[in-house]
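Engineer: Need coordinates for the below:
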Amino acid sequence: MALRRTLRSTVIAAAVLSASVVTASVVTVPSFAHAAPEAHAASESHAGPGAHVAPEARAGLGALASRAPLAAPLPPACQDALLKTLDKFPVAYFTVPEKAKNALFAEVGALSEADQEALTQPACTAWNNWATANGQAVATDLDERYRRTSGAVCVKFATSSVGTLKKFAPLVPERTRGLETVAKKVWTNAMSKLSAEATNAACRKAYDGAKAGW
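Structural biologist: Just a heads-up that it's a prediction; the model follows:
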């Protein structure tokens, strides 16, 4: 249960923030729970700054986590990665739209036992060390790209995310490549679903362009 909760909390901080983060963890920010239908382009266009986790969001994660038990206990380094990764990427402006959070959240929840096998002690240790050393640089790059991109939040999110992922993914340690494979799966599936379901043309185009990932 703790894994799925965290498992989701890092996905966004993971997949979105930096290529191989423990995508198997959870996205970071899920205020996901109560996004209105597609107040759609509206909610996607007016989300507040920063990708922070609200208390109520954490509660929602706990409820969702309880639905799918973990196959096995997480290695200590992976528990640490899931719980602390987000803190290592202190974004100030970068924002994840509610619909994107929900989509990433759902994909993480659907990870198979085989996907979860990427969460090994060596991989997570390598990730933790890299995130500690490079998290501020990643967060700064995300914020700068986000602020420079014009358009709705969905467009700013997709454009800045892919730009930062492409820049930093090649620098992530080789030992984290298994995590990155899982992150790419989550990202591609989520962006494909968002593109197919978007009713706002700008969001649909942005998600379609982002689904190839990094």
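
Engineer: pLDDT-wise, which helix or strand of this structure ranks last?
Structural biologist: Here the helix or strand of the chain ranked lowest by mean pLDDT, DSSP states H and E is helix 55-65, holding a mean of 38.

Engineer: Next secondary structure after it?
Structural biologist: Next along the chain after helix 55-65, taking DSSP states H and E as the criterion, comes helix 76-84.

Engineer: Extract the C-alpha set from that next one and format it as CSV.
Structural biologist: Backbone C-alpha positions of helix 76-84 (Å, rounded to 0.1, in the frame of the first residue of the first chain) are rendered in CSV as follows:
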residue,chain,number,x,y,z
PRO,A,76,15.2,0.3,1.3
ALA,A,77,16.7,2.6,-1.3
CYS,A,78,13.5,2.5,-3.3
GLN,A,79,11.4,3.4,-0.3
ASP,A,80,13.7,6.3,0.2
ALA,A,81,13.4,7.3,-3.5
LEU,A,82,9.7,7.1,-3.4
LEU,A,83,9.3,9.2,-0.3
LYS,A,84,12.0,11.8,-0.9
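
Engineer: show me where this structure has helices.
Structural biologist: Counting by DSSP state H, one finds helices in the chain at the ranges 2-11, 39-45, 55-65, 76-84, 98-109, 113-116, 121-148, 153-168, 177-197, 201-210.

Engineer: ok, and for stretch 108-127, which residues are buried?
Structural biologist: Within stretch 108-127, the residues that count as buried by 16 or more other CB atoms under 10 Å are 108-109, 111, 115-116, 118-120, 123-127. The C-beta positions use only the backbone N, C-alpha and C, and glycine is treated the same way.

Engineer: for the helices of the chain, which one sits closest to residue 90?
Structural biologist: helix 121-148 (5.1 Å; CB to CB).

Engineer: Tell me where the model's unsure across this structure.
Structural biologist: Scanning the chain for pLDDT under 70 picks out 1-72.

Engineer: okay, the buried residues of stretch 108-127 in a markdown table with distance to residue 197 next?
Structural biologist: Formatted as a markdown table, the buried residues of stretch 108-127 follow (distance: CB to CB, whole Å):
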| residue | distance to residue 197 |
| --- | --- |
| 108 | 18 |
| 109 | 17 |
| 111 | 21 |
| 115 | 23 |
| 116 | 27 |
| 118 | 28 |
| 119 | 29 |
| 120 | 34 |
| 123 | 32 |
| 124 | 33 |
| 125 | 38 |
| 126 | 35 |
| 127 | 31 |
